[in-house]
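In: Sequence and predicted structure are below.
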2 protein chains.
Amino acid sequence: MKLTVLGCYAATPRSLNNPTSQVLEMKNRLFLIDCGEGTQVQLRKSKIKFSRINHIFISHLHGDHFFGLPGLISTFRLLGRQTELHIYGPKGIKEAITLFLKLGDSWTNYPLLFHELSANEPQVIYGDEKVTVSTIPLEHRIYTNGFLFKERLGERKLNIAAVEGYKIDRCYYQNIKNGKDITLESGKVVSNSELTFDPPAPKSYAFCSDTAFSEAIIPWVCGVDVLYHEATFLESEKKLAPKTKHATAKEAATIAKEANVGKLILGHFSTRYKSLELFKEEAQTIFDNVDLADDGKEFDFS
Amino acid sequence: MKLTVLGCYAATPRSLNNPTSQVLEMKNRLFLIDCGEGTQVQLRKSKIKFSRINHIFISHLHGDHFFGLPGLISTFRLLGRQTELHIYGPKGIKEAITLFLKLGDSWTNYPLLFHELSANEPQVIYGDEKVTVSTIPLEHRIYTNGFLFKERLGERKLNIAAVEGYKIDRCYYQNIKNGKDITLESGKVVSNSELTFDPPAPKSYAFCSDTAFSEAIIPWVCGVDVLYHEATFLESEKKLAPKTKHATAKEAATIAKEANVGKLILGHFSTRYKSLELFKEEAQTIFDNVDLADDGKEFDFS
């Protein structure tokens, strides 16, 4: 599992501060999360292949999470894309993108499939044989979802020495990896635990931005390996947080602690602060394993 | 008169190639022409004050001329803008911007006034006491206008030595600057030409992008001081030009020559070429006074 932060600043794009966008790599799939203005340039800077992006998740329709999407969709067309592109986002996103493309008489030459969201409870919105994605309802000024990415439990790993020791035919290997016991020709039953090791623990990543401090999300992100939680403000600006439906670094850390997550990554910083280290220091008064997002920064969780 | 090129490349934004946008300063007014993705960051890099932009002209609704506009309008709101913003662009632009703002529940707190264009003949779309702006119908894949910015002829300049020599009272000065002759107390009529100098020649700038080679525009840009004409291709890719409704450097120079303009600036370059100098060399086989646009480049025509 690998996270590339393309942009992690609040509000308006600036020379050195990009609005929200990130790419999560999980089981060799790339998921683009949010798409603020400038995302396609940030993708190029991070040398991420456009053709590997097939699923885009949009948390909400504020400009700093969404205004890069029409351009990215157009660029896919100019690059000759042919494979399906799936967009997951709030109801209205299809109308908006469709109108922009129609006005430019530039509909895509690849299938563009919208999955519009309007539920207020978590729901599974994507699933394949290795990964699932669910929504995390957030509390913001407009309808907003976070997203929970989870690896599925993989198959068990063969203990090669053991299966060879019992001279088990290769044709049974898949059954063994699926967890089955084996009956030898002698009639002896060998339990699966003798023949396999546990699969690697499935990893999970929760993206929660933008949101006010909301204890409701704790059960939904409980025990995730990595929680990205917005921290627009420090406690010194705490009174702005509920008004704008954003959170402070301390509040993000409180969620991380209560949900017992592995690591907390802070992002969506207001540009009013001189040093991002202040966010980390404040969060670490509550929760120890804190890291800071930054534009272009990569996190490897393998 | 001063031109700041914010972006001058065709198609998709890249790390070092911004899509079309430029700022024309004329008689102390700033006019933003086109607004590709990333324009607001380019404005910051060029240190142009957002508050000085009150009029935005959009040539057409392809993404590389337009997808930066929702973000710029949102940023104006976040910066606390209160003064009117006027947007001139093809019919449909109001619906598009309105939808994007509505979806984010973030309507502007300043007056946002749309002037939608649909005429196929040149029309004056802006005028004040010092400047006029007219459309230049272009030939592109979708409805597209260029824009002609013209300074109005200023008042005549007083020949101070002459008016003082005739002991003319100051109360007549404005009449003299307006071109009137003066009758002295003696009854002698002094012609205006004795009392004044010609005003500075009014300057003019024509923006023509995107467009196929179109001789129809020659009379509309005839004699302008500066013509910005797109040159997406070189003659070596001439067969692509009519198909995509773009022009070559040689075609742009042909328009410049036939229209007898003062200077030609080439822009809207395809990123397929290794050197922009090739565009200049090709154009100069037809027309001598050629310059190349580039992102961040400033031209001072005072």
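Out: Structure received.
In: Look at residue A:302 and report its pLDDT.
Out: Residue A:302 is assigned a predicted lDDT (pLDDT) of 89.
In: oh sorry, the question was meant for residue A:107
Out: Taking residue A:107 on its own, its pLDDT is 85.
In: Can you point out the buried residues in stretch A:40-54?
Out: Buried residues in stretch A:40-54, counted by 16 or more other Cβ atoms under 10 Å in any protein chain shown: A:40-44, A:46, A:48, A:50, A:53. Using the backbone N, CA and C atoms, a C-beta is placed for each residue, glycine as well.
In: Out of the residues you listed, name the ones that lie in helices.
Out: Using DSSP state H, the members of these that fall within helices are A:40-44.
In: restrict those residues to contacts with chain B.
Out: Residues of these in contact with chain B (Cβ under 8 Å from any Cβ of the partner chain): A:40-41, A:44.
In: for the stretch 101-250 of chain A, what spans make up the helices?
Out: Here the stretch 101-250 of chain A has its helices, by DSSP state H, counting those that start in this stretch, at A:160-165, A:173-177, A:192-195, A:218-221, A:240-244, A:249-258.
In: highest average neighbour count across those?
Out: Of these, the one with the most neighbours on average (mean count of other Cβ atoms under 10 Å in any protein chain shown) is helix A:249-258, at a mean of 24.
In: Render the CA-only coordinates of that one in CSV, please.
Out: The C-alpha trace of helix A:249-258 is given here as CSV (Å, rounded to 0.1, in the frame of the first residue of the first chain):
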residue,chain,number,x,y,z
ALA,A,249,-5.0,18.9,14.6
LYS,A,250,-6.0,18.0,18.2
GLU,A,251,-9.5,16.9,17.1
ALA,A,252,-8.0,14.7,14.3
ALA,A,253,-5.7,13.1,16.8
THR,A,254,-8.6,12.5,19.2
ILE,A,255,-10.4,10.5,16.4
ALA,A,256,-7.2,8.6,15.7
LYS,A,257,-6.8,7.7,19.3
GLU,A,258,-10.4,6.7,19.9
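In: got a list of what the closest residue to residue A:213 other than its chain neighbours touches?
Out: Leaving aside its sequence neighbours, residue A:213 sits nearest to residue A:251 (Cβ to Cβ, 6 or more residues apart in numbering or on different chains; 3.8 Å). Taking Cβ atoms under 8 Å, 6 or more residues apart in numbering or on different chains, we find residue A:251 in contact with A:213, A:231, A:241.
In: Pretty sure the last one sits against residue A:249.
Out: No. Proximity of residue A:241 to residue A:249 does not meet the contact threshold set by Cβ atoms under 8 Å, at 10.4 Å.
In: hey, what's in contact with both of the two?
Out: residue A:233.
In: what residues does chain A put near chain B?
Out: So far as Cβ under 8 Å from any Cβ goes, chain A lies against chain B at A:11-15, A:37-38, A:40-41, A:44-45, A:60-63, A:66-68, A:70-71, A:74-75, A:78-79, A:90, A:92-93, A:95-96, A:99-100, A:103-106, A:141-142.
In: How much space separates the residue of chain A positioned farthest from its centre from residue A:173?
Out: Distance from the C-alpha centroid of chain A, by Cα atoms, centre = their mean, peaks at residue A:186 (50.0 Å). Residue A:186 sits 19 Å away from residue A:173, going by Cβ to Cβ, to the nearest Å.
In: Likewise for residue A:292?
Out: Separation of residue A:292 from residue A:173 (Cβ to Cβ) stands at 45 Å.
In: pLDDT at the residue farthest from the centre of chain A, what is it?
Out: 94.
In: likewise residue A:243?
Out: Per the predicted model, pLDDT is 95 at residue A:243.
In: Output the below-cut-off pLDDT ranges for the stretch 1-150 of chain A.
Out: Low-confidence segments of the stretch 1-150 of chain A, defined by pLDDT under 70, are absent.
In: now do 90
Out: Scanning the stretch 1-150 of chain A for pLDDT under 90 picks out A:11, A:106-107.
In: right, and residue A:195 touches residue A:158 too?
Out: Yes. At 7.0 Å, residue A:195 counts as touching residue A:158 under the criterion of Cβ under 8 Å.
In: Would you map the strands across the stretch 51-200 of chain A?
Out: For the stretch 51-200 of chain A, strands defined by DSSP state E, counting those that start in this stretch occupy the ranges A:53-57, A:85-90, A:112-117, A:124-127, A:131-137, A:145-151, A:157-158, A:182-183, A:189-190, A:196-197.
In: Kindly apply the preceding question to the stretch 201-302 of chain A instead.
Out: With DSSP E, counting those that start in this stretch, the ranges of strands along the stretch 201-302 of chain A come out as A:204-208, A:226-230, A:263-267, A:290-292, A:298-300.
In: Pick the most buried one from the ones you listed.
Out: strand A:226-230 (a mean of 28).
In: chain center to it: distance?
Out: How far strand A:226-230 lies from its chain's middle: 9 Å, per Cα atoms, centre = their mean, to the nearest Å.
In: Likewise for stretch A:139-158?
Out: Distance, stretch centre to chain centre, for stretch A:139-158: 7 Å (Cα atoms, centre = their mean).
In: List the buried residues for stretch A:90-99?
Out: For stretch A:90-99, by 16+ other Cβ under 10 Å, it's A:90, A:92-94, A:96-97, A:99.
In: out of those residues, who's nearest chain B?
Out: Closest approach between those and chain B, by Cβ to the nearest Cβ: residue A:92, at 4.7 Å.
In: wait, what's in contact with the nearest residue to the closest one once chain neighbours are set aside?
Out: Using Cβ to Cβ, 6+ apart and skipping residues adjacent in sequence, the residue nearest residue A:92 is residue B:103, 4.7 Å away. By Cβ under 8 Å, 6+ apart, the contact list for residue B:103 reads A:61, A:90, A:92-93, A:96.
In: what's the most distant pair in those?
Out: A:90 and A:96 (9.9 Å; Cβ to Cβ).
In: Make sure residue A:81 is actually in contact with residue A:53.
Out: No. At 9.6 Å, residue A:81 does not count as touching residue A:53 under the criterion of Cβ under 8 Å.
In: what is residue A:14 paired to in the beta sheet?
Out: residue A:17 (DSSP bridges).
In: Redo the strands of the stretch 51-200 of chain A as CSV? Include distance to residue B:199.
Out: Below are the strands of the stretch 51-200 of chain A laid out as CSV (distance: least, Cβ to Cβ, whole Å):
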stretch, distance to residue B:199
strand A:53-57, 57
strand A:85-90, 57
strand A:112-117, 56
strand A:124-127, 66
strand A:131-137, 66
strand A:145-151, 62
strand A:157-158, 87
strand A:182-183, 100
strand A:189-190, 102
strand A:196-197, 89
